[in-house]
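Trainee: how would this look folded up:
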Amino acid sequence: MVQTPAPFPMARPRRNRRTDWLRDLTRENELSVNDLIWPVFVRDGDDVMEPVQSMPGVNRMSVSRVVEAANDAANVGIPVIAVFPYTDPSNKTPAAEEAWNPNNLVNRATRAIKKQVPDIGVMLDVALDPYNSDGHDGIVRDGVILNDETLIALEKQTLVQAEAGADILGPSDMMDGRIGVMRRALEQNDFPDTAIMAYSAKYASAFYGPFRDAVGATGALLGDKKTYQLDAGNTNEALRMVARDLDEGADMVMVKPGMPYLDICQRVSSEFGVPTYAYQVSGEYAMISAASSNGWIDRNKAILESLLAFKRAGCSGILSYFALEVAQAISKEARLSF
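Mentor: Take a look at the predicted model:
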């Protein structure tokens, strides 16, 4: 129950907004560096920093540069870095075999990070779209995304990523039954401590475009992903998917995209009481970056306000391409102002 204030003038709510320190003292939600997961993109090459045109300030990096990025993140206290691959088109096939190559980009990057920056967590994506010549998260045959055949591939991908040293696996594929397949494979192959952050409420969204550009999947994608990602009009379905994934062995759950689905974040967090994360996706990043670069909004204030919205909605943390600059700002200032 929310306590209603006394009648004016006995109650003057503006008193608590009068100064910076009063606003800090009475703030209900805070953003800290511990709330941040930083997604980065790795590509082949030596000493490469290749800008992603649709995501100003974001780069595809060679393995050595990703290790440097991980070190930068660790130095400002970011607990986890999420690594996504830009796969050379020559390595993409209909069966997506590169996904379970022990020496693929993300596995090499993970081993390098764990060797040189051992105190930072590494999260890897479990899905086939970076490796599939059709651009889909699953294996495609005659225009149909095959669920059960994809599960076999995801199991193999899970095991090579765990072997490489990934701390958290993030299945984003949205195939039915994949969490149970992954968890059993991890238990049976002596990886009981590898965590699963399930992309449980992943919607078929228009906000993923720049990400697909970053991983090289834009031109490859045939059709759309509506037969396996959630419909934007549904909320109860998202809760059913979260319940399913938790029952199958997920440790944490995610809502993706973030800001257009704050209602889902709030419902998942309040109804399940489990660690709940939001992915502030590439389209959200691109919108704030574009608007601020044109002088239409204040970049720093918009970033902080958008991230605090996820905390207000009940999220335990946020995957954000802004994570490093926000963490750097937090490390320099005792208080973040809006």
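Trainee: all contacts plus neighbour counts: C-alpha atoms, from now on.
Mentor: Fine.
Trainee: Helices of the chain, residue ranges please.
Mentor: Assigned by DSSP state H, the chain shows helices spanning 20-26, 63-75, 105-116, 147-164, 178-188, 209-214, 236-248, 262-272, 282-293, 299-312, 323-332.
Trainee: Which of these comes out lowest on mean pLDDT?
Mentor: Out of the helices of the chain, helix 209-214 stands lowest, with a mean of 86 (criterion: mean pLDDT).
Trainee: can you tell me which residues contact T110?
Mentor: Counting by Cα atoms under 8 Å, 6 or more residues apart in numbering, T110 touches V122, A164, G165, A166.
Trainee: how about the nearest residue to P102, chain neighbours excluded?
Mentor: V160 (5.5 Å; Cα to Cα, 6 or more residues apart in numbering).
Trainee: Over to K114?
Mentor: Spatial nearest neighbour of K114, chain neighbours left out: G165 (7.0 Å); criterion: Cα to Cα, 6+ apart.
Trainee: so how many other residues sit close to that neighbour?
Mentor: 22 (other Cα atoms under 10 Å).
Trainee: In CSV, list the C-alpha atoms belonging to stretch 177-192.
Mentor: The C-alpha coordinates for stretch 177-192 follow below in CSV (Å, rounded to 0.1, in the frame of the first residue of the first chain):
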residue,chain,number,x,y,z
GLY,A,177,13.5,-27.4,-24.8
ARG,A,178,16.9,-25.9,-25.2
ILE,A,179,17.5,-25.1,-21.5
GLY,A,180,16.9,-28.7,-20.4
VAL,A,181,19.2,-30.0,-23.2
MET,A,182,22.0,-27.5,-22.2
ARG,A,183,21.7,-28.2,-18.5
ARG,A,184,21.8,-31.9,-18.8
ALA,A,185,24.8,-31.7,-21.1
LEU,A,186,26.6,-29.5,-18.7
GLU,A,187,25.9,-31.8,-15.7
GLN,A,188,26.8,-34.9,-17.6
ASN,A,189,30.1,-33.4,-18.8
ASP,A,190,31.4,-32.1,-15.5
PHE,A,191,30.4,-28.4,-16.0
PRO,A,192,28.0,-28.1,-13.0
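Trainee: With that, I have no additional questions.
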